[in-house]
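S.K.: Sequence and predicted structure below; questions after.
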Amino acid sequence: MKKLFFVILSALLLCACAPQNVTEPVKTETPAMEAKETIAPEETQEKTAEAESSEETEPAENEPAEAGANRISQELKEKAKGFPDVSAELPDWRGTHIVDKAEYAWPWVIVEADPEKVSEETMKETLFDEDTVLEIAEAGYNFVRVSVDTRYFFTEDAYLSPRYAGQDFHGNIDMLNAGQYENLDQLIAWCIQHNLHVCLDCHSTPGGLMIGGDEEAIRQELFTPDSQAQKLFVRFWSIIANRYADVDTRALSFNLYNEPPAFVSESEDVYIRLMNEAIDEIQAVTPDRLIFVDALDYSTRGLKNLGDLKANNLAIGFHMYANESTNTEPGAKLDLKACKNEIADRLDAYRQWAEENNVRWMLQEYGCSAYIKEEEQESYYTMITAACKAMKVPYSLWAFNAGDFGVCIWAEDDKFVTPDAVYTTTGAGHRINTALVKITTE
C-alpha cells in the first residue's frame, strides 16, 4: 500500500577524505549542488566517543570495487554480542522506523511519475543523524527498521542529476557510493551504542519501486528473471552481507524486500527464487544472519511455499493498516468497532498461519494518520499493541519521523500536529506525541 509522507532524498558522491571513525562528518557533493559538510555538534560527538574506530582507513572513493570493511569499532561489535538472542523466539521488540532514505530523490507527495517535478529545491543531501537515534532510544524503543532505497549505494554522475531522479536507475552496479556506506556504518554504530537492534529494510530498488502511478506495473522488472533490476538487488545484498559480516546478528538483521506486489502471488516461485538468491549471498558469509522475508500481497498474506525459502534463521514480516487508519484528511474519523474486529481477525490469521508453518513472525509495520483525532489514534494503537503483546509478537510502528504518520514531528511541520495531542520537545527541537509513544513502547 502507499504511505504518504515527506521523505526528500538524494545521493552523495565522493568523500574528499574518509572519516577516521564512525562519527566524523562525511563531505559530499553532487553535480546539482555545491559541496556541503554535515558536522555533528560537539555534544553529539561526545555522546558517540565509544562509537569511534581505532583502525586507520584509506580515503573513501567511488570506484569499481567491493564496499570493503565497515568502520564500526571493535568495542561496539563486542557489545552487539550481548544483545538478545535471535535464534529462537524473537526478542520482545517494540520498534519504529527511520525512513530518511526510503526513496531516492523523490518526495512521496509527488504521485505523478514526472522527473520534471524534481528540482534542486526538492533534492537535498540525506544523511542519517545521531539525534534521531537518540530520540528513538530515549522514547523507549529497542528496535529500528531502517528503510532504504538501494540507489543510494550505487552512483554515476548522470544518475545524480535531478533530471534523472525518478523511477529508473542510470548508474553502474559496480560503482559504489562510499560515503553512503560510511554513513550507514555510523547509523549502525549509534544504534548499537544506544541498544537498538537494526533491521535493514530494502524498501525500494530499481524495477521494484513503491512510488508513483501503477505500483504493480512499475515493479514488474524486479520480478522478471535475469533482469538488470534483479542483478542490482542481489548485488546490493551481497555487498551489505560482506560489509557487515562481523556485526553480530543479535544487533543486525536484514529485511530483504518491502511489500511484494499482488501479482507475485500468482507466480510465488518467482518471488521465492529472487529471495533465495539474496539469501544465498548473505548466508555465504553469515549463515546465522536473521533474515526477514515479507509476506505476500503487500505483506498481508502468508506464502504457500514457505518451505522453499533457504534461510537458516528466518522470520516473516507482516503489515497491517486497519480500516480507515490511513485517512489523511484533517478531522478524519475512525470506525473503532470496525478497526477492532479487523485487527483481531487479521492478527489472528497471521498467528494461525505462522503456527501452522512453524515460523516466527513480526508485525513490522502498523500505523495511523496524524490527521485522525488523538483519542481515536490512542484507541487504535492500544488495540494493536495489546493484541501483539497477548500473542507475544514483536511489533514496529510506521514510523518515527514520517510526516503524517510519524509520532515525531519536525519543528517546521505544524500541519502534521494532531489537535489536542500532548507533545514533548526533544533536544533537537522535534515534538514527540507523548501518549502514542507510551502506548507503542510499553
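M.R.: Received the coordinates, thanks.
S.K.: any chance you could map the helices in the stretch 51-200 of the chain?
M.R.: Using DSSP state H, counting those that start in this stretch, the helices of the stretch 51-200 of the chain run over 74-80, 130-139, 178-193.
S.K.: most packed of these?
M.R.: Here the criterion is mean neighbour count by mean count of other C-beta atoms under 10 Å, and of the helices of the stretch 51-200 of the chain the winner is helix 178-193, at a mean of 26. Every residue, glycine included, has its C-beta placed from N, CA and C.
S.K.: what ranges do the helices span in the stretch 251-400 of the chain?
M.R.: Applying DSSP H, counting those that start in this stretch to the stretch 251-400 of the chain gives helices spanning 268-283, 296-299, 336-356, 374-391.
S.K.: Throw the ones you listed into CSV and include mean neighbour count, thanks.
M.R.: Shown next, in CSV, are those (neighbours: other C-beta atoms under 10 Å):
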stretch, mean neighbour count
helix 268-283, 20
helix 296-299, 20
helix 336-356, 16
helix 374-391, 18
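S.K.: Mind putting the helices of the stretch 51-200 of the chain into CSV with mean pLDDT?
M.R.: Converted to CSV, the helices of the stretch 51-200 of the chain look like this (pLDDT from 0 to 100):
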stretch, mean pLDDT
helix 74-80, 98
helix 130-139, 95
helix 178-193, 96
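S.K.: so can I have TSV of these showing distance to L200?
M.R.: Shown next, in TSV, are the helices of the stretch 51-200 of the chain (distance: least, C-beta to C-beta, whole Å):
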stretch	distance to L200
helix 74-80	14
helix 130-139	14
helix 178-193	8
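S.K.: thinking again about what came up before, which among the helices of the stretch 251-400 of the chain is found nearest to L309?
M.R.: Closest of these to L309 is helix 268-283, at 6.0 Å (criterion: C-beta to C-beta).
S.K.: what's the closest one packed up against?
M.R.: In terms of contacts (3 or more C-beta pairs under 8 Å, 6 or more residues apart in numbering; DSSP states H and E), helix 268-283 is packed against helix 228-243, strand 291-294.
S.K.: ok, now with 6 Å
M.R.: helix 228-243 (3 or more C-beta pairs under 6 Å, 6 or more residues apart in numbering; DSSP states H and E).
S.K.: Quick one: closest of the helices of the stretch 51-200 of the chain to A349.
M.R.: When these are compared (using C-beta to C-beta), the closest one is helix 130-139, at 29.9 Å.
S.K.: which other residues reach that closest one?
M.R.: For helix 130-139, the external contacting residues (C-beta atoms under 6 Å, 6 or more residues apart in numbering) are 44, 144, 190-191, 194, 196, 400, 426, 428, 437.
S.K.: Out of the helices of the stretch 51-200 of the chain, which gets nearest to H319?
M.R.: Closest to H319 of these is helix 130-139 (C-beta to C-beta; 19.7 Å).
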